[in-house]
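Chemist: Mind folding the following:
(chains A and B)
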There are 2 protein chains.
Amino acid sequence: MGVLTLLRDNGEVICQRTGKNLEVVAVSARSRTKDRGMDLSDLAWEEDPIALARRDDVDVVLEMVGGETGTALELVETALRNGKSVVTANKALLAHDGMRLSRLAEENGVQLLFEAAVAGGIPAVKGLREGLAGNQIKMVYGILNGTCNYILSSMRETGRGFDAVLAEAQELGYAEAEPSLDVDGYDAAHKLTLLASMAFGTQLDFDKLQVEGIRRISAPDIQIADELGYRIKLLGLARRLPDGSIEQFVRPVLVPKESEIGKVEGVFNAVVANGNYVDEVMMVGRGAGAGPTASAVVSDLVDLARGTSVPTLGVPCDALTPAKLSNDEDLYRAVYMHLTILDQPGALAKVAEIFGREEISIASLIQREGREGLPVSLIIITHEARFANIRAARKELDALPIVVEPMHMMIIQEL
Amino acid sequence: MGVLTLLRDNGEVICQRTGKNLEVVAVSARSRTKDRGMDLSDLAWEEDPIALARRDDVDVVLEMVGGETGTALELVETALRNGKSVVTANKALLAHDGMRLSRLAEENGVQLLFEAAVAGGIPAVKGLREGLAGNQIKMVYGILNGTCNYILSSMRETGRGFDAVLAEAQELGYAEAEPSLDVDGYDAAHKLTLLASMAFGTQLDFDKLQVEGIRRISAPDIQIADELGYRIKLLGLARRLPDGSIEQFVRPVLVPKESEIGKVEGVFNAVVANGNYVDEVMMVGRGAGAGPTASAVVSDLVDLARGTSVPTLGVPCDALTPAKLSNDEDLYRAVYMHLTILDQPGALAKVAEIFGREEISIASLIQREGREGLPVSLIIITHEARFANIRAARKELDALPIVVEPMHMMIIQEL
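Modeler: This next block holds a predicted model:
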């Protein structure tokens, strides 16, 4: 209930900034009696949340229910149909149903605002959709999930494995009991879907996004990446290639330690946009939590109170075009490969032979010492090569009898 | 002429984003024949720039003249009086005359927008005034002058002195032939004046800002700061203290190397705002140059085309209050002192005695080796102490016969 306490604590400055009193007239929640740190007894209470969207004394509906279907969807739809603007933090809902909902907002002459849905307290939506509105955006990328960034930072600092650090993050409240939405990359993917649409004027298309999470990253991956000058980050990235197609993904990548994005650690989020006139702008801040979320939600309320009117995704729905996705196979990429092989005479020759055949040249190779006959880690960093060839090499390598488990491969992204 | 090329290059996306064609109808400049990389012959030409503000076919006037008086002021005033919105990149003009001009805009029902005046391409004005509008801002600070940051970064990387690096920056076009506005801190001070007003809802008051530039910073200062874990940055900072008073300054300070702001290097600018709900948000990008400036100017034009209307300084002029500035003397600060003293027996005892008397405890002390009888550098880092006492100690130290030149003192700012 950060929004309610914010409106109480900061009511005076908000009134100065908008010339209006933002009055909360009615509330609905699962439990009426839960302690929310403030007295709600002055507010009308609706047992049925959808009823909020039908009240005559409501101008704007805040949807803080969460979830991509059910109540959240019905509440937003009903509010928009009834001519009420909606402010939501619900990235899942928008990533899946945003096209339909933005159109509904447009048809009903109201606003659908979602600053809190992307990168928490960072004004990333406003920054991109308004602050950089003079630019053709070439690329937008970021660290869009604080839980994953916390886990990766903590793994690096402590040398511990994914499971141990996840368990600790869950105890600390940085990760959910059911962590899949975060650690499997879907939350970041919802946010990237929204950013990519605003950046390129393309229709939301969550289903076509490549998504990979961080579960397979091991402590040695992180340590070796560090030795080689890289940080492993769960990155969401979308960029327009010279042929007009769009490359986009959410996955763990190696970024240079010294890059701006490589320095973003812990629970922080960062969003970077590269425009053809502004060059690169980065925004960093807290990506989650009641305070930052409330800050973002209320910035949308302030915009509404000031009468600001902007198309939900930056351009009217009819102007949004389908994104033509680039063909992965033809891109040139450098990758990190972590193989687990039996340390037998001739093992390296077999590996090297595959790289030669696929025309991939090797930039670094590290073999961790092990006892003969037992599995050892073989880390290979390649130079840029055609991704189709890298995939082929991966398949051949994984099929070698000396390779004891499927490799872990990550892209190296120079940023 | 970045704005004109931007409007040509990005006209299509801007039209999609605004639903309008932003048409340049008339131009005025010193020389009509200068090569601006594009053909201006289709545009009406005004020999007298003020005439632009009187044309019936003009809705918005862009002021890119520069300077805090003269043509720029007259152009902006005339445009606002004639009911035309103004977009300007002119921080000097606004820092000095912004109160009067915002009032004029308000009285005439038009907008006075200035995204490009603060931190170039970074949407810092929008970020603070709109994106964080739900917060009570506790502090705003930043690296607001790319020239100074470039010089300081370059001094550290090369070990060279201020004069040599300035000369190089001038050759590279990163510094003006007359560098005072940048290196003496005034440009950063103009920007901080605007940020502080928007952050705290206070009247613009450039004259009361403490300003110190970077000319006295030496190569050893930078090197020793580095050894002690600090970077020297020209920082503009304004914060509200618990008693409601505002501390604000532009001056070189030592910030921790590992702080976010300490990592911002070269020509980049950074603006950080700390709000009571959002916590800290940082924005980083290019602070100058034709491209970033045009990006910021056009983002204002897009806002105007979309019909966005925001008070110039975030609240209506009448709601702006005079800033009550804090009394420096009562603040507790840690400082860096660089003394040049004669290395005589008993010298250190005399120095130490003064610190004891003023109740300032010393955190680190470094004496660079020298030959007896010749001046040596004595660097002292203090713990936090009452600033009045630090000032008194400074005076006494500078008066010691063994001290051969006035010390160089800088504040240490934990951020």
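Chemist: separation between A:Met198 and A:Leu301?
Modeler: 20 Å (Cβ to Cβ, to the nearest Å). Yep, even glycine has a C-beta here, placed from its N, CA and C like the rest.
Chemist: For those two, indicate the residue with more neighbours.
Modeler: A:Met198 (27 against 24; other Cβ atoms under 10 Å in any protein chain shown).
Chemist: can you confirm the more buried one is in a strand?
Modeler: No - assessed with DSSP: H, G, I helix; E, B strand; the rest coil, A:Met198 is helix; it does not lie in a strand.
Chemist: list the contacts for it?
Modeler: Neighbouring residues of A:Met198 by Cβ atoms under 8 Å, 6 or more residues apart in numbering or on different chains: A:Val125, A:Leu128, A:Arg129, A:Leu313, A:Gly314.
Chemist: my guess is the fourth one contacts A:Ser197, does it?
Modeler: Yes - using Cβ atoms under 8 Å, A:Leu313 makes contact with A:Ser197 at a distance of 4.9 Å.
Chemist: Show me what counts as buried in stretch A:22-40.
Modeler: Residues of stretch A:22-40 classed as buried: A:Leu22, A:Val27, A:Ser28, A:Ala29, A:Leu40 (neighbour count, 16 or more other Cβ atoms under 10 Å in any protein chain shown).
Chemist: does A:Pro311 belong to a helix or a strand, and which?
Modeler: Here A:Pro311, judged by DSSP states H and E, is contained in no helix and no strand.
Chemist: so how many other residues sit close to it?
Modeler: 22.
Chemist: before we move on, what about A:Ala189?
Modeler: Neighbours of A:Ala189 (other Cβ under 10 Å): 26.
Chemist: Let me see the contact set for it.
Modeler: A:Ala95, A:Phe206, A:Leu209, A:Val211, A:Gly236, A:Val250.
Chemist: how near is the residue located most distally from the centre of chain A to A:Leu192?
Modeler: Ranked by distance from the centre of chain A (Cα atoms, centre = their mean), the top residue is A:Pro345, with 44.3 Å. Separation of A:Pro345 from A:Leu192 (Cβ to Cβ): 46 Å.
Chemist: about what we covered before: per-residue pLDDT, the residue farthest from the centre of chain A?
Modeler: With respect to pLDDT, A:Pro345 scores 84.
Chemist: all helices of the stretch 101-250 of chain A, in order?
Modeler: A:124-126, A:146-158, A:162-172, A:180-183, A:186-200, A:219-227 (DSSP state H, counting those that start in this stretch).
Chemist: Mean pLDDT and distance to A:Gln16 added to those, as TSV?
Modeler: Shown next, in TSV, are the helices of the stretch 101-250 of chain A (pLDDT from 0 to 100; distance: least, Cβ to Cβ, whole Å):
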stretch	mean pLDDT	distance to A:Gln16
helix A:124-126	98	20
helix A:146-158	97	32
helix A:162-172	95	37
helix A:180-183	96	38
helix A:186-200	98	30
helix A:219-227	94	48
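Chemist: which of those sits most buried?
Modeler: Among the helices of the stretch 101-250 of chain A, ranked by average contacts under mean count of other Cβ atoms under 10 Å in any protein chain shown, first place goes to helix A:124-126 (a mean of 29).
Chemist: Wondering if it reaches chain B at all.
Modeler: Yes - Helix A:124-126 reaches chain B (Cβ under 8 Å from any Cβ of the partner chain) through A:Lys126.
Chemist: where in chain A is pLDDT low?
Modeler: Along chain A, segments meeting pLDDT under 70 span A:1, A:370, A:372.
Chemist: Where do the domain boundaries of it fall?
Modeler: Domain assignment for chain A, taken from automatic domain parsing, gives A:2-117, A:124-287, A:330-412.
Chemist: could those go into JSON lines alongside distance to A:Ser309?
Modeler: Formatted as JSON lines, these follow (distance: least, Cβ to Cβ, whole Å):
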{"stretch": "domain A:2-117", "distance to A:Ser309": "6"}
{"stretch": "domain A:124-287", "distance to A:Ser309": "11"}
{"stretch": "domain A:330-412", "distance to A:Ser309": "39"}
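Chemist: which one of those is the most hemmed in?
Modeler: domain A:124-287 (a mean of 21).
Chemist: so what's the residue in the stretch 151-300 of chain A that chain B sits nearest to up against?
Modeler: Nearest residue of the stretch 151-300 of chain A to chain B (Cβ to the nearest Cβ) works out as A:Val298 at 3.0 Å. Each residue near A:Val298 by Cβ under 8 Å, 6+ apart is listed here: A:Val3, A:Leu6, A:Leu7, A:Asn10, A:Ile14, A:Leu22, B:Ala133, B:Gly134, B:Tyr277.
Chemist: Mark which of those residues are part of helices, please.
Modeler: A:Val3, A:Leu6, A:Leu7, A:Ile14 (DSSP state H).
Chemist: thinking again about what came up before, what touches both of A:Leu313 and A:Ser197?
Modeler: A:Gly98, A:Leu204, A:Leu320.
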